[in-house]
Each structure stands twice: as structure tokens, then as C-alpha cells.
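Undergrad: When you get a sec, could you give me coordinates for this:
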Amino acid sequence: MTRDVKCGAISQYYGTLKEFNNKVNPNECKRDAKKNNKHKAVCDLSSCPIDGAYLTLSKIGSLVILFHSPPGCCMSLWILWGGAYSLKSIAGSSKTADCITLCTNMDEHDVIYGGTNKLRRAVRDIKARFNPEHVAILSSCCPGIIGDDIGEVVQEAREQLNLNVGWLDTSGFKSWYWPIGYDLAHDYIIEHIMEQPDEIEEYTINIIPYGNAASVDEKECARLLTELGLKVQLPMSVPHTSIANVKRAPYAKANTMLCLTYGWNFCKKMNEKFGTEYSEESHPISIYFTKRWLKSIGGIFKKDKEVEVLIEKELDEIKIELAFLKEKLRDKTIAITAGHDKAPSLLAMALELGLRVCYIGLITYDDLVREKIRDVTEMFDYDVELYVFPQTYEEIPLVKKHDPDVYIGPAGLTPKNALMQLSAVSTHFNDFIGPYFGFKGLINFGKEILRATSDPVPRYAPLDFLITGRERVCGEEWFKNYMKREV
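TA: Numbering: from 1, shown residues only. Presented below is the predicted three-dimensional model:
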């Protein structure tokens, strides 16, 4: 059973935050079918399982990924995850080896007569050219529809070529809910790459990020956990990790996930196979959710007192800057689009900075975050317009009618930002700005929002870096210079 069925995923809902909370929280609730339409005539904000699987696996150096697909499936994802995010190595972790992405380039002939022989030749070519440590085959809709026997090719390669190779059935028609691609990749990593530990390191913890996270957020979370006396491992570090690091993950006592959407299945399956404990708290953005995240981890390692001391110290260090930001941002309006796990943390952050939320768009939703949404909804003394799984053509008029001072969205917000003529802050691409996670991350986030609300020209500054390569077009130095001009 896939996650969309198991966890009650919703593909559409329109209403308000409080209405939505009342609908999804009671277990006996019967959801309104008219507001949960899985058959949209037009859909421009979606993906498929092969997306999430490639996003996960492409961060593992020395791995070869072979798409058994037409070129479009491979090329578009390589540009998105393999190409653009490789720039993050400038500020992120160093590469021990490249993850190589290849494709069988299925065409009309292969669809009619079968692509198994082409796949067989590609696997042999990979062995001869690279002799890789591991090969993962991702299959798209085409071989799934025509019934290519990929399993037979994999078995032949193992026996005849002595090649460490495996296969993930990531056909797009498996589900409309693309996060199951994460689940498929994590199941594969646990079964085919990780090792059974001979002993557990009692005060070691893995940070499980998400594929398009910022390495500075990983490092900030690692700093906080190190302050508690824990040894931190980053087995799935963004942007780059290694097979050796992945193999070491089960030696840790516990996992903490930075994103529930990405890390839930990973942590759950590692717990089942290796006994690795895990914190169910995620996205430590805002004071409220950072406290929850730290206290959950403190409970696993019996470090509750140390957590309280750390929280008090961190809050004391940011109190002056936080007071300044709250004064500057008080009652400014904000619209937010984010994944269903990050959105509650961003809502809490907005309240802590004194911002007034006028709109929230949830890119995904399933019941894993039901309680988290309930908790944050109770913080609001007013209601907020809400749309689950909004398409661009649906969301732009909704946000524009509110005319917010700033729009917060994910990495792909730029077209919306330009079309709406609103200043924007991305929840991704902040490697060049500073962490958004943790207590200090709240200050960095607040500074970027202040930058956006103070800028007379609506723009999305971090994208300038990715396109032009100019160094630090925004962030800490930009903020300091801006404040000097204002004074």
C-alpha cells in the first residue's frame, strides 16, 4: 500500500485554515468529496515517483543512476536536481565522487519492440566504462506499460558481470502522489546499500535532510545537537554524500529528520530493520518548532536538562535582533506556499515575527501532519485562506487579491513571484544567505523578509546567484549594508 492510500493524501481542498483543521483532525471525519477532486483538468504543479527517487539517489557520490526511459524523463530531472543543485557544493559539503546519471534513451522502436536489449547493452557499457561501486536503475512509464523484464536484466548483470546493481520501479502511473518516490528510494537504500551494524554508538545521531535542503541548515542543526554532547552523522548530506557514509547510518542510535515528507518512511524502515530510534519532530523553523525538535531528541538521549539550558542560551543570544525584527515587521502581511510539513513551521515563524498571514498554500497534504496543523491552527486568533495542492493558474489570483507585503514560497516560486509582482523569499536556495533552521535561522529568515518588504522592486534575489554566479547578491552582508544606508 502506497503512502497516498495509507496516509490519506488529499489532492485538492479550498477553504480556510480553521475549516480544514476541523475537517482533517477528527478521525471519524468524512471529507467533502467536492473539495477533494483528484481529477483536475489541468495540472502544472505535480510530478511522479521517479522525481522523488532521483532527487534522493542523485546525492550519493560514486553511485551510477541509469534511467530506463525516454530522454525527457532523465534530462528534465537531471537539470532540476543534478545540475542546478550541484551549484550548492560551492557552499555545501565537498564531493568525494560524482554521481553519474545515464539514460537508455528509449524511442518509438523500443516502445513497439521492447527496450530490454537496449537496457542490457547499457548495463554492460556501464560496467566496461565505469566499473562502479553500485548501479541503480530507475524505470519510467514506458517500460512499465510495455512490460520490459528489468528484473531479468538485473539478475543477469549480477551473475555474469559481478555488478552490484538494483532496480526501482518508479513508473509514473504508480501514483499521482510524488512523495512515494522518496519511499521507494529509501527502501532501496536500506535494502541494498546499508549494512547491519555490529554495535550501536550510543550518543550518535543521523540528520536526515531532504533532497533540496540547504547544507547550512544541516550544519546549524548539527551545531545545536553537538552542543548537547551528541556526535552527528550526515549519511544523506546535501548536496553530496558517499556510499560509505550511507552504509554507516545504522550504527547511530537515532535519526532526526529535517522534513517529515522526505524522512518519515526512511526513519520508520530503519527502525524496523536496525532498531534505530527516531524523533517524529521535523522542520525546526521558528522558536516553537525548534523547541519541540530539541526536546524530542533530548528525550531519546536522556538529555532533557541539557536541552533546557541550550534553549535558554540560544534565545538569549537572539533576543535583541528578534525584538528589532518584530518592530520592523509588525502587521506586515505575508502569503505562504510550502509543503505540508514545512507550512506549519512557517506559520509559527510568521506569528513570532509579528507578521499577519493572509494566505497559505499546501503543495501536498497527508495525515502525517494532521496533529502539527492542529497545533499551529490553535495559535491563530483569526482565520486564513487555504488551498491544498494549488496550481499556478489557481494560486496567482488568490494571492494577488490579498496584495501581501511579501510572498514566501519554494524553489519554484519565481514565475509566480514575477507574475504577481510581489517581493519574495524562497524557503530553498539559502546556502548563500545563512540557515533558516534553528533559533538563529529565525533571525536570518526575518532579515530576508525585511529585505523583501523594504525593496521597492519586486524580485527574488537568490536566483540571481544561480543564473549569473555573482557572489552573495543577498544575505548577511547585503542586510548590513542595507541597514547602514537606512540609518
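Undergrad: Check what pLDDT Asn417 gets.
TA: Listed pLDDT for Asn417 reads 63.
Undergrad: which sections of this protein are below the confidence cut-off?
TA: 25-46, 76-98, 211-212, 238-239, 411-419, 428-432, 455-487 (pLDDT under 70).
Undergrad: which SSE is the residue sitting nearest the centre point of it in?
TA: The C-alpha lying nearest the average C-alpha coordinate of the chain belongs to Tyr210 (C-alpha atoms, centre = their mean; 4.0 Å). Per DSSP states H and E: Tyr210 is located in neither a helix nor a strand.
Undergrad: Return the distance of it relative to Lys313.
TA: Noted for Tyr210: a distance of 28 Å to Lys313, by C-beta to C-beta, to the nearest Å. To be clear about C-beta, it is placed using only N, CA and C from the backbone, and glycine gets the same treatment.
Undergrad: same check, this time on Leu228
TA: 12 Å.
Undergrad: With Val154 instead?
TA: Taken as C-beta to C-beta, the span from Val154 to Lys313 is 52 Å.
Undergrad: Which parts of the stretch 1-150 of the chain are strands?
TA: With DSSP state E, counting those that start in this stretch, the ranges of strands along the stretch 1-150 of the chain come out as 13-16, 60-61, 63-68, 100-103, 134-139.
Undergrad: and the third one, what does it pack onto?
TA: The reference is to strand 63-68. Helices and strands touching strand 63-68, by 3 or more C-beta pairs under 8 Å, 6 or more residues apart in numbering; DSSP states H and E, are helix 49-57, strand 100-103, helix 116-130, strand 134-139.
Undergrad: Which residues does it contact?
TA: Identification of contacts with strand 63-68 by C-beta atoms under 8 Å, 6 or more residues apart in numbering yields 50, 54, 57-58, 73-74, 99-104, 106, 115, 119, 122-123, 126, 130, 132-140, 143, 148, 150, 243.
Undergrad: swap in the first one?
TA: Contacts of strand 13-16 with the rest of the structure, by C-beta under 8 Å, 6+ apart, involve Phe20, Lys23, Lys35, Asn36, Tyr365, Asp383, Val384, Glu385, Leu386, Tyr387, Val388, Phe389.
Undergrad: Give me the buried entries from the residues you listed.
TA: Phe20, Lys23, Asn36, Tyr365, Val384, Glu385, Leu386, Tyr387, Val388, Phe389 (16 or more other C-beta atoms under 10 Å).
Undergrad: mind checking how far the last one is from Ala350?
TA: Phe389 sits 21 Å away from Ala350, going by C-beta to C-beta.
Undergrad: what's the helix or strand for the closest residue in space to Pro435 that isn't next to it in sequence?
TA: Of all residues not flanking Pro435 in the chain, Glu220 sits nearest, at 3.7 Å (C-beta to C-beta, 6 or more residues apart in numbering). Using DSSP H and E, Glu220 sits within helix 215-227.
Undergrad: what's the next secondary structure element after that helix?
TA: Using DSSP H and E, the helix or strand that follows helix 215-227 in sequence is strand 231-233.
Undergrad: Quickly run through the sheet partners of the helix or strand following that following strand, with directions.
TA: Under the assignment DSSP H and E, the closest C-terminal helix or strand after strand 231-233 is strand 241-242. Using DSSP bridges, strand 241-242 pairs in its sheet with strand 60-61 (parallel).
Undergrad: packing partners for the helix or strand containing Ile190?
TA: Taking DSSP H and E as the definition, one finds Ile190 inside helix 180-192. Using 3+ C-beta pairs under 8 Å, 6+ apart, the elements in contact with helix 180-192 are helix 3-6, helix 49-57, strand 134-139, strand 165-169, helix 260-274.
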